[in-house]
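Undergrad: Mind folding the following:
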Amino acid sequence: MESDGSSPVSSVVPKVEYVRLPDDKFVEEYANNVFMEASVWDLKLIFGKLDQQKGPNSVVQHSSITLPWNYVKALHYLLGINLHVYEILHGKLSIPRGVIAAPVAPTPDQESQFPRAKEAFEYAQKEFRKLVAENPESF
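TA: Numbering: from 1, shown residues only. Down below sits the predicted model:
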């Protein structure tokens, strides 16, 4: 779609040159678990792997990346596109049963500490219901 100049949306994105550190400095890991720590400034993603030798639900965490919230929003958009395109090309993915639990309602203490906790819970519930509707086999 060509822009007539009236749209605030621009398709012009600065070119980025990606330079990778040498092999002895670049870290590549595999993760099948992500734990999140949120603050008002950013979101820390702590990556780990299930290690069944240590126990049935034991995750060994190995690295973390902290992202500012505006980048989290952009990444959410980009991950959504990549997932959708993958499913178009390769078929629908399913989530194993028991991996994602329903959201838990905030306690009265949480509601008093965070006045919009109920609104956040309701949003999480709505998104969970959408996920269940789109993936009934996973629940």
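Undergrad: does the residue sitting nearest the centre point of the chain belong to a helix or a strand, and which?
TA: Nearest residue to the geometric centre of the chain (Cα atoms, centre = their mean): H76, 6.4 Å. Using DSSP states H and E, H76 maps to helix 69-90.
Undergrad: Give me the residues contacting whichever helix or strand comes after that helix.
TA: Later in the chain than helix 69-90, the nearest helix or strand by DSSP H and E is helix 108-113. Here helix 108-113 makes contact (Cβ atoms under 8 Å, 6 or more residues apart in numbering) with A117, K118. All C-beta spots, glycine's among them, are computed from the backbone N, C-alpha and C.
Undergrad: buried residues in stretch 46-65?
TA: For stretch 46-65, burial by neighbour count (16 or more other Cβ atoms under 10 Å) applies to I46, F47, G48, V59.
Undergrad: Closest to K25 out of those residues?
TA: Each of the buried residues of stretch 46-65 was scored against K25 by Cβ to Cβ, and F47 proved nearest at 18.3 Å.
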